[in-house]
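1. Sharing a sequence plus its predicted fold:
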Amino acid sequence: MTNLARLSRTDWFGPLLATILAVLLIQSLSANFLSAYNIQILLLAIAVNALVAYSQMIIIAIGQMNLSVGAIGGLAAISFAGAMEVWGLPAPLALTFALLIGLGCGALNGVLIRITGISAFVITLATLSIFKGINLGITEAQPFYGIPEGVKRFGGAVLVGPVPWLLVPTLLVTAILWFTLRRLPVGRFILAVGSNDHAAGLSGISVGRTVIIAHAISGLLAAIAGVLVVARLQIGQPSIGDDWLILSFAAPVIGGAILAGGHVSTTATFLGVVIVAIITQALVLFSIDPFLVQVVLGVLILAAVGLNKLRAGAATGGR
Amino acid sequence: MTTIFRTMGLAALMGGAAATAALAADDSKLALVPGGPHPYFAAWEPAGADAAQEFGLAGSDYKVPQRWELAQQNQLLESLLSQGYNGFMIFPGDPVGAVATAEELAEFGAPVIAGGGCYKDPSPAAFCLGTDTGNSAYLGTKELLAAMGDGEKRIAHFTGFLVDPNTQLRIDAVNRAAEEAGATVVQVIADIDAPEPAEEKINAYLAAHAGDVDGIVTTAWVPAVVAANALRRMGDTGIHMVGIDHDEVVLAAIKEGIIDGTMIQNPYGQGYIGSFALARMRSGCTVKEDAPFGSNALTDKFIDSGTAYVDASNVDGYLDTMREETARILADFEATYLSCP
Amino acid sequence: MSVAPVPSALPESSSDGFARLSRTRFLLSNEFGLILLIAAFALLFAVYTSGFLSVFNLFSLGRNAAVNIMIGLAMMTVIVTGGLNLAVGAIGVCAAMGCGWLLQILGLPWPVAILGGLALGAGLGAVNGWMVVRTGLHSFIITLATMSIFFGVMIFLTRAEAFRDFPEAMTAFGKMRLLTYLSPLLLLTFAVALALAWLYRFTVTGREMLAAGANPAAAELSGIRVGRAIILCHMLSGLLAGIAAMMLVTRNGAAIPSMAGQLGQDWLLPAFLGPVLGGTLLQGGKVSVLGTVLGAFLVTMLSSGLLMLQVGAFWVQTFLGLMLLVAVLLDKARRSWLARRNLA
């Protein structure tokens, strides 16, 4: 237990240091960086991306992968917007509906994986196609425009200073997730299944139920992210979620998550999201050649995992 | 949306009635294939259906590749040919890379025209029916410069996929218009014809540089929507903007005075006139060698499907503008471009 | 789904490590399951669609399958090591653009340009392998990063401009039809698949790759240079991705930066579907070249058949996903049923 605590302490330390250094460096080069409006934009990006990263993180925790994160987010997003435009549902009902869809999609992933015993990679690859297809089938690639004023206001409103309201759900989720993984039995079950599902099963944990719960949580988180994007874009775009996949892996990995499972850190993942957001914005801020953005992101991922590796010594090996 | 385009189509028919008289019912089964799912092309569907009904075709169907990807489009076209489709209007997934597939379609005797965007010559496409995108961007920038009045004129240009054959034409045209008026294009942001990257990049740019920009011109659908929303959110910035296309967000922003105007294109007209031309070519017409084609960077067989500037004064009647345009092109299309037996 | 008659006598020791191919073994195998599925779906499409068996459709099906199989094989060679290569698409595009550059800017003859492109693909693959071995990180992370880097550098250098001046000889190859319905690309793919099968079955290098994937520690102890084997696997992957890219170049007559989508992501689906359906274990150490070929073919056929069925343009993806799920489940059910019947 002390070993785990020590590791998780070092987990967020590296990314935090990197974040502070990046902020200082960029601020010294461009006074605009810490302007109120710019911080608001930064926080808006973080609000959505953090949820996307958590959605993948919880699956990484059980040692699996969820390729359908973006597809679930997109489906929830258009369900949310569509329910309000086509059925005229009030926003809270539409929200519940969308979150249930996300939860259901995630649980479906978990059930299929558990019943068939086929690897999560294959199942979520198939459901990615199914969910995205349903999305396109319903919308025919046309966005939903009928977003009520209240939702639009929420998407644009600020809580205090530069802090947007959109960040509130994300912070709540961060706290709940942190608490769940650190303190609640279900969180411990998830991590136990991730580090060794056989041993977890022998020690009385229901592996099947834990896997299904983890996938349901993942679906729910993706759905929240999708709904937030709708509030921010003010339209229900069918292409929401299309480019989440790489980010969803990058942030947890930068935060020191081990893909084999059993070890993730909510705070470090959050910091991973912050780093990616800062870098992305810095590239725009300095009018850096847009073609180079991808290169920088790739180098960043390598640098982050390389540093983690150095810090952890040669303790864990990969191939 | 669909009903709007139908009424628009019916009106166009009256104008084109003379041209349709010569058409006999035939076995033309036409496919209208965009480069991928995109709201711009949605009007092709009612346009094809209206044309099929009016001209007595076996069908003129709107077929969309699953993703914005050349390989998907190729596979769809191959499949459509196998299913018995015998005439194609295609938005090329790539101006050169898509030619190979068009050649195969042509080898099977199916007439091919380019719609919305052009193939690069030489290609088997009989002609390219699309918005003169360069001209549209040029006119849009001119309107923006006019709206900005006197004083410093620094323009930011937000546009679409770099792989779209039209994007480079638009960048060049905006630069040309700015240069002529002594204005400067301070930033071009491309590859943002998808909502999330557009939201991120446009907002990040405006966050840092709102004070360094006097006007925004957008030449792609999604950036226009996102930029209009961003300006609405930022309140009174003094930044002028001219958008593109007829997204509801953009039209609403014009009515509320948040942006100055938008450049309307004519996708319905493309689908309707394209279906007509394909059917005529299947019944033996050939394209006149000496037809008064326009030319652009890609092709010398270009037909403009029309473009118009819409601002607060005529935003409610913008459909009439395009309806007239469609009727005008269709009225003498056969006489101008085709020679029929 | 009907199943072939079950043989009565079954040796008890059929699960030992030797490659003793009994009839039951074959019936239980993934490859047989895929053949059944391919036959069943082909029948379905042939009966319910017009044009599925038309000459042009068979030709284009074969041509698309050729590319998809090659992409699947490129991924398979890395999965063998228990790793993944997310950068297949990025490497493929780099190889294609490299070939275009050699041809158009340097004016080299096309065979040299193609070899140059393939060498670039293999080289980038080797870079992946080298980094995986040197850092000890999982290849998922390394290739996630390099797919960004390779693709980004390519886009930066080319300014997203396509190379379009390819000689007739190359473009004609992509359109060539042997016996009216056979694409030479498909023959090329089969030749490569045969070579790979030979590599894994009969050569020391191939066996070392499998051993390194199955249990690196044990392989190291038995004198295999695991690092070298892994680098070779990645190099092979890069080479095969390069070949797939060249096939697309001859088919399109142009080297286009977007031919595999943003970051080459569009290749990932076909890349994984082939090997995974074909029974190549994601844990590594086991390989099925035939299975990968059949798996990739099945997927290509499904998407082609679905377009034919006209399920509605926007629903194709849903049905493809459902059919994949059904295919995987059917195969699973068939095998567990057979296993119960025989081993009860």
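-> On my side now, so go ahead. Residues are numbered from 1 along each chain as shown, chains lettered A, B, ... in the order given.
2. So which residues of chain B form strands?
-> Ranges of strands within chain B are B:29-33, B:59-62, B:87-90, B:112-115, B:128-130, B:154-158, B:184-189, B:215-218, B:240-244, B:261-264, B:286-287, B:302-304, B:308-311, B:338-339, based on DSSP state E.
3. Reformat those as a markdown table; add mean neighbour count and mean pLDDT.
-> Placement of C-beta: from N, CA and C, glycine included. Below are those laid out as a markdown table (neighbours: other CB atoms under 10 Å in any protein chain shown; pLDDT from 0 to 100):
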| stretch | mean neighbour count | mean pLDDT |
| --- | --- | --- |
| strand B:29-33 | 26 | 93 |
| strand B:59-62 | 22 | 90 |
| strand B:87-90 | 27 | 94 |
| strand B:112-115 | 28 | 94 |
| strand B:128-130 | 29 | 91 |
| strand B:154-158 | 24 | 91 |
| strand B:184-189 | 18 | 87 |
| strand B:215-218 | 30 | 92 |
| strand B:240-244 | 29 | 92 |
| strand B:261-264 | 26 | 92 |
| strand B:286-287 | 16 | 89 |
| strand B:302-304 | 20 | 90 |
| strand B:308-311 | 19 | 88 |
| strand B:338-339 | 17 | 88 |
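4. right, so of these, which gets closest to chain A?
-> Chain A lies closest, by CB to the nearest CB, to one member of the strands of chain B: strand B:184-189, at 6.9 Å.
5. Does that closest one reach chain A?
-> Yes. Interface with chain A: strand B:184-189 contributes B:Gln187, B:Ile189 (CB under 8 Å from any CB of the partner chain).
6. Tell me which residues are up against that strand.
-> Contacts with strand B:184-189, where a contact means CB atoms under 8 Å, 6 or more residues apart in numbering or on different chains, come from A:287, A:290, B:153-159, B:171, B:174-175, B:178, B:201-202, B:205, B:209, B:212-213, B:223.
7. hmm, 10 Å instead?
-> By CB atoms under 10 Å, 6 or more residues apart in numbering or on different chains, the residues outside strand B:184-189 that reach it are A:284, A:287, A:290, B:141, B:152-159, B:167, B:170-171, B:174-179, B:197-198, B:201-202, B:204-205, B:209, B:212-219, B:223, B:227.
8. Give the PyMOL command for selecting the buried subset of those residues.
-> Selection of buried members from the contacts of strand B:184-189 for PyMOL, criterion 16 or more other CB atoms under 10 Å in any protein chain shown:
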select buried, (chain A and resi 284+290) or (chain B and resi 141+153+154+155+156+157+158+159+167+170+171+174+175+177+178+197+198+201+202+204+205+209+213+214+215+216+217+218+219+223+227)
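9. got the residues of the stretch 1-150 of chain A near chain C?
-> The stretch 1-150 of chain A comes close to chain C at residues A:65, A:67-68, A:71, A:112, A:115-119, A:121-123, A:125-141, as judged by CB under 10 Å from any CB of the partner chain.
10. could I get the strands of chain B as JSON lines with distance to C:Ile69?
-> Formatted as JSON lines, these follow (distance: least, CB to CB, whole Å):
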{"stretch": "strand B:29-33", "distance to C:Ile69": "26"}
{"stretch": "strand B:59-62", "distance to C:Ile69": "31"}
{"stretch": "strand B:87-90", "distance to C:Ile69": "27"}
{"stretch": "strand B:112-115", "distance to C:Ile69": "29"}
{"stretch": "strand B:128-130", "distance to C:Ile69": "35"}
{"stretch": "strand B:154-158", "distance to C:Ile69": "41"}
{"stretch": "strand B:184-189", "distance to C:Ile69": "39"}
{"stretch": "strand B:215-218", "distance to C:Ile69": "42"}
{"stretch": "strand B:240-244", "distance to C:Ile69": "42"}
{"stretch": "strand B:261-264", "distance to C:Ile69": "46"}
{"stretch": "strand B:286-287", "distance to C:Ile69": "40"}
{"stretch": "strand B:302-304", "distance to C:Ile69": "40"}
{"stretch": "strand B:308-311", "distance to C:Ile69": "50"}
{"stretch": "strand B:338-339", "distance to C:Ile69": "44"}
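11. residue ranges with poor pLDDT in the stretch 151-300 of chain B?
-> Counting by pLDDT under 70, the stretch 151-300 of chain B contains low-confidence ranges at B:162-165.
12. Equivalent analysis for the stretch 1-150 of chain C, please.
-> For the stretch 1-150 of chain C, the stretches flagged by pLDDT under 70 are C:1-25, C:27-28.
13. Can you name the residue of it nearest chain A?
-> Residue of the stretch 1-150 of chain C nearest chain A, by CB to the nearest CB: C:Ser148 (3.0 Å).
14. if I look at that residue, how far off is C:Val293?
-> Counting by CB to CB, to the nearest Å, the gap from C:Ser148 to C:Val293 is 30 Å.
15. same thing with C:Arg164?
-> The span separating C:Arg164 from C:Val293 equals 32 Å under the rule CB to CB.
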